[in-house]
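Colleague: pasting the sequence and the predicted model now:
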Amino acid sequence: DVQVVESGGGLAQPGGSLRLSCAASGFNLSRYSMNWVRQAPGKGLEWLSYINNSTTTIYYARSVKGRFTVSRDDARNSLTLHLSSLRDDDTAVYYCARSYGYFYDRSGYSYFYYGMDVWGQGTTVTVSS
Amino acid sequence: EIVMTQSPLSLPVTPGESASISCRSSQSLLHGNGYNYLDWYVQKPGQSPQLLIYLASNRASGVPDRFSGSGSATDFTLKISRVEAEDVGIYYCMQALQTPPLTFGGGTKVEIK
């Protein structure tokens, strides 16, 4: 079964840090780009970060840039999101999601697609004093 | 940043009838390759989001053919034919053309009347 499983969530104090992990199984993580997406209580989905399969391209949402750091360990088939300088509004369920990757058009040309085809069950981060 | 706007916010549906959700983007999602870079996801109660439709009109693996996506450029529609009780959830569109950031619509809650 192709799946990703997040862990590492919990309670953190404002200004504190937390490290989230995402373990991939059923597929070779080294071939895929990955994302982190979060959902605050009762709210919609917010994309946070993207890392390509070679770690040469990393993107962050403005809301977390400079505070969150994404990394990957393909040997362990895992992804990490390090959260620092946490704020109350970082309270959310954090999802790890795989990017679809390359698709081919009718002429055989390939294009990269950022859409997310595999999602984990999420890990909950609560920031509170 | 591309802004995604969904309507309606809430959609009560009678089982067996059809339902349509609209998604509009602030910029065209039509790539130079002719494909529209838009996804639809559903988040069923207590679950994580799952991919329904990619590239505007392609059903993801295992998605029933009751679900169909259409539209181009800035206007897109998700249609659910013959709604079933298991289709209850929040439906999100997302633009996959421009990053950072990838952006989602605010969501449409589908519920059974």
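Modeller: Done, it's in.

Colleague: and A:Arg106, what pLDDT?
Modeller: A:Arg106 is assigned 89 on the pLDDT scale.

Colleague: roughly how far does it sit from A:Cys22?
Modeller: 34 Å (C-beta to C-beta, to the nearest Å). Backbone N, C-alpha and C define where each C-beta goes, glycine included.

Colleague: tell me which of the two has more neighbours.
Modeller: Set A:Arg106 next to A:Cys22 and count neighbours by other C-beta atoms under 10 Å in any protein chain shown: A:Cys22 wins out with 27 against 6.

Colleague: so what's the more buried one up against?
Modeller: Neighbour list for A:Cys22: A:4-7, A:34, A:36, A:78-81, A:96, A:120 [criterion: C-beta atoms under 8 Å, 6 or more residues apart in numbering or on different chains].

Colleague: show me the beta-bridge partners of residue 79.
Modeller: Reading this off chain A. With DSSP bridges as the criterion, A:Leu79 is bridged to A:Cys22, A:Arg72.

Colleague: wait, I meant chain B there
Modeller: B:Ser20, B:Ser68.

Colleague: do you know the pLDDT at it?
Modeller: Confidence score, pLDDT, at B:Lys79: 98.

Colleague: stretch B:1-9 close to chain A?
Modeller: No - Stretch B:1-9 does not reach chain A (C-beta under 8 Å from any C-beta of the partner chain); its nearest approach is 8.6 Å.

Colleague: can you pull the buried residues of that stretch?
Modeller: Judged by neighbour count (16 or more other C-beta atoms under 10 Å in any protein chain shown), stretch B:1-9 contains these buried residues: B:2, B:4, B:6.

Colleague: for the residue in chain A sticking out farthest from the centre, give its distance to A:Asn52.
Modeller: Most distant residue from the mean C-alpha position of chain A: A:Ser107, 32.5 Å away (C-alpha atoms, centre = their mean). Distance, A:Ser107 to A:Asn52, by C-beta to C-beta: 24 Å.

Colleague: the residue sitting nearest the centre point of chain A: which element?
Modeller: Nearest residue to the geometric centre of chain A (C-alpha atoms, centre = their mean): A:Trp36, 2.1 Å. Using DSSP states H and E, A:Trp36 falls within strand A:34-39.

Colleague: which neighbouring elements make contact with that strand?
Modeller: strand A:18-25, strand A:45-51, strand A:68-73, strand A:78-83, strand A:92-104, strand A:110-119 (3 or more C-beta pairs under 8 Å, 6 or more residues apart in numbering or on different chains; DSSP states H and E).

Colleague: again, only using 7 Å
Modeller: Packing contacts for strand A:34-39, counted by 3 or more C-beta pairs under 7 Å, 6 or more residues apart in numbering or on different chains; DSSP states H and E, involve strand A:45-51, strand A:92-104.

Colleague: what sits opposite the spatially most central residue of chain B in the beta ladder?
Modeller: Per C-alpha atoms, centre = their mean, the C-alpha nearest to the average position across chain B is that of B:Trp40, at 3.2 Å. Per DSSP bridges, the residues bridged to B:Trp40 are B:Ile53, B:Cys93.

Colleague: circling back: adding secondary structure and pLDDT as columns, could you present the buried residues of stretch B:1-9 in TSV?
Modeller: Below are the buried residues of stretch B:1-9 laid out as TSV (DSSP: H, G, I helix; E, B strand; the rest coil; pLDDT from 0 to 100):
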residue	secondary structure	pLDDT
B:Ile2	coil	98
B:Met4	strand	98
B:Gln6	strand	98
